[in-house]
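Colleague: mind folding the following:
(one chain, ligands or ions: 2)
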Amino acid sequence: MKTLLVTGGAGFIGANFVHYWLAQYPHDKVVVIDALTYAGNMANLAAVNNNPNFTFVQGDICNTVLVEQLLREHGVDTLVHFAAESHVDRSITGPDAFIETNILGTYSLLKAAKVVWLDGDTVVDHRFHHVSTDEVYGTLSATDPAFTEETAYAPNSPYSASKAASDHLVRAYHHTYGLNVTTSNCSNNYGPYHFPEKLIPLVITHILHNEALPIYGDGQQIRDWLYVTDHAYGIDLVLNKGRVGENYNIGGNNEWANIDIVQTICTLMDKQFANNSALAAQFPKAAAAQKGASASLITYVKDRPGHDRRYAIDATKTNNELGYQPKESFETGIAKTVAWYLNNEAWWRAVMDGSYKDWLQKQYD
Ligand code: NAD
Ligand code: DAU
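Modeller: Ligands and ions are numbered 1, 2, ... in the order given. This next block holds a predicted model:
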């Protein structure tokens, strides 16, 4: 039995991980620390809030004293670190928060883990798992081989640079102090509770509001997409079978150009409206509600500065060593995701009110 401290557990991937973990390991204890920034949302954890093995603490990972206290009080043996500023566009307009949370926040967690697990009475069987991204490897051309764990880091945005810095600190705490660390570098996730500033949920919610679908540049940038539960499953395998001190790539083997992803979602949404007259009543503004095509909303806009052209993950090491294979196909995953947003209007309406709307509006002013 494990006791986990999950940082950023009220965010998109963190919350999906908590749901996954408590379903998979119902006797384990899970403590979440989350600062509840614009991206953190207690609604994401509503399904586990009454579980006696679940505890939520609102707090900042930069508060080393609080983290030390949580590690001690709850007898934590496994820290899974999701908390971050995660949106590339925000890192371009306001990098400060990325440096603070992603670099200093990770450093704060490492310091707390060292004090509690290594200095004084040691906790021999501990693990610090750091959740990182494929973006630290930089960008690929159409013909370059996919990123392996040996690919040199070449981050291009303030976001990816801050994640790369945190990866290096985690590595250093293993090599210098012997902290039991693992790191996973994953590709683009999608699924329930995805904040609608990111491409897939943005497109779904904009279609329902009959708002433009902004395609940056020529729309030919390529990303590898993985259903979020398959990321949680990959982290589970790293925690249970991964070798300490190692990095593991997690990917979906599922590369798509942005414009093709957007077209696919438009087609799926049009089909949903064609088969379900209640939807037209629920979302009367949507083009599809008036027998129009959602794709008519596609609008090419100015490119993201420094936009990485292509990410692709070579997950051979994770597949061979840990027996990892994603369980969800893209076809089933994207259909589930569209259905989730159609069935959870209250969730996305609540997160789209207020500061998010103001921030998004500024991007197009
Ligand atoms: P998210 O933005 O949805 O959630 C981040 C969470 O961290 C929020 O709940 C927020 O409140 C919390 N948080 C932020 N600053 C904090 C602080 N100082 N102290 C405590 N909590 C804080 O992010 P996400 O998409 O769920 O990403 C989670 C992790 O996975 C990140 O580390 C990200 O770099 C990594 N990752 C994301 C993807 C992806 O496709 N989204 C892919 C690979 C890796
Ligand atoms: O690769 C993993 C990364 O994936 C994670 O580390 C990040 O936390 C996560 O946000 C995601 O980064 P991206 O920048 O790839 O995701 P985003 O959804 O912002 O954009 C996906 C692609 O779509 C990217 O090429 C930019 C483009 N895009 C995005 C938005 C929001 C558009 O063309 N229009 C848009 O409105």
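Colleague: in which helix or strand does the residue lying closest to Gly242 once chain neighbours are set aside reside?
Modeller: Leaving aside its sequence neighbours, Gly242 sits nearest to Thr182 (CB to CB, 6 or more residues apart in numbering; 4.8 Å). Using the backbone N, CA and C atoms, a C-beta is placed for each residue, glycine as well. Assigned by DSSP states H and E, Thr182 belongs to strand 181-186.
Colleague: what segments of the stretch 151-300 of the chain are strands?
Modeller: Assigned by DSSP state E, counting those that start in this stretch, the stretch 151-300 of the chain shows strands spanning 181-186, 188-190, 213-216, 222-227, 247-250, 255-257, 298-301.
Colleague: reformat the ones you listed as JSON lines; add distance to His307 and mean pLDDT.
Modeller: As requested, the strands of the stretch 151-300 of the chain are exported to JSON lines (distance: least, CB to CB, whole Å; pLDDT from 0 to 100):
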{"stretch": "strand 181-186", "distance to His307": "20", "mean pLDDT": "98"}
{"stretch": "strand 188-190", "distance to His307": "14", "mean pLDDT": "98"}
{"stretch": "strand 213-216", "distance to His307": "6", "mean pLDDT": "98"}
{"stretch": "strand 222-227", "distance to His307": "11", "mean pLDDT": "98"}
{"stretch": "strand 247-250", "distance to His307": "22", "mean pLDDT": "98"}
{"stretch": "strand 255-257", "distance to His307": "13", "mean pLDDT": "98"}
{"stretch": "strand 298-301", "distance to His307": "12", "mean pLDDT": "98"}
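Colleague: now Ser160. Nearest residue, chain neighbours left out?
Modeller: Using CB to CB, 6+ apart, the closest residue to Ser160 is Glu135 (3.8 Å).
Colleague: okay, the one you found and ligand 2: tell me how far apart.
Modeller: Using CB to the nearest ligand atom, to the nearest Å, we find Glu135 at a distance of 5 Å from ligand 2.
Colleague: the residue nearest to Gly242 contacts Lys241, doesn't it?
Modeller: No: counting by CB atoms under 8 Å, Thr182 stays clear of Lys241, with 10.2 Å between them.
Colleague: pretty sure Val48 is touching Met42, no?
Modeller: No: under the criterion of CB under 8 Å, Val48 is not in contact with Met42, lying 10.8 Å apart.
Colleague: what about these two, which has more around it?
Modeller: Applying other CB atoms under 10 Å to Val48 and Met42 shows that Val48 carries more neighbours, namely 19 against 14.
Colleague: ok, that one to Glu149 distance?
Modeller: 32 Å (CB to CB, to the nearest Å).
Colleague: ok, now Leu70?
Modeller: In terms of CB to CB, Leu70 sits 31 Å off from Glu149.
Colleague: and if you look at Gly333?
Modeller: 25 Å.
Colleague: sheet partners, orientation included, of the strand holding Thr182?
Modeller: In the sheet, strand 181-186 lines up against strand 127-133 (parallel), strand 247-250 (parallel) (DSSP bridges).
Colleague: and the shortest one with ligand 2, contact?
Modeller: No: for a cut-off given as CB under 6 Å from any ligand atom, strand 247-250 has no contacts with ligand 2; the smallest distance is 10.5 Å.
Colleague: contacts made by the helix or strand of the chain with the lowest mean pLDDT with the rest, please.
Modeller: Lowest by mean pLDDT, DSSP states H and E among the helices and strands of the chain is helix 355-364, with a mean of 70. Here helix 355-364 makes contact (CB atoms under 8 Å, 6 or more residues apart in numbering) with Tyr38, Asp89, Arg90, Thr93, Phe195, Pro196, Glu197, Pro214, Val301.
Colleague: out of those residues, which is nearest to Ile103?
Modeller: Arg90 (15.6 Å; CB to CB).
Colleague: report how many residues lie close to Pro326.
Modeller: 21.
Colleague: next, the contact list for the residue nearest to it when sequence neighbours are not counted, please.
Modeller: Of all residues not flanking Pro326 in the chain, Asp230 sits nearest, at 4.1 Å (CB to CB, 6+ apart). Asp230 makes contact with Ile250, Gly252, Pro326, Lys327, Glu328, according to CB under 8 Å, 6+ apart.
Colleague: thought the last one was touching Tyr227?
Modeller: Yes: with contacts defined as CB under 8 Å, Glu328 counts as touching Tyr227 at a distance of 3.8 Å.
Colleague: can you work out which residues contact both of the two?
Modeller: With CB under 8 Å, 6+ apart, Glu328 and Tyr227 have common neighbours Lys336.
Colleague: would you mind getting the angle between the helix or strand hosting Asn16 and strand 127-133?
Modeller: Taking DSSP H and E as the criterion, Asn16 maps to helix 12-24. Put simply, helix 12-24 runs at 140 degrees to strand 127-133, going by axes from the mean of the first three to the mean of the last three CA atoms, to 10 degrees.
Colleague: let me know the pLDDT of the spatially closest residue to Lys111 that is not a sequence neighbour.
Modeller: Of all residues not flanking Lys111 in the chain, Thr64 sits nearest, at 5.4 Å (CB to CB, 6+ apart). What the model reports as pLDDT for Thr64 is 98.
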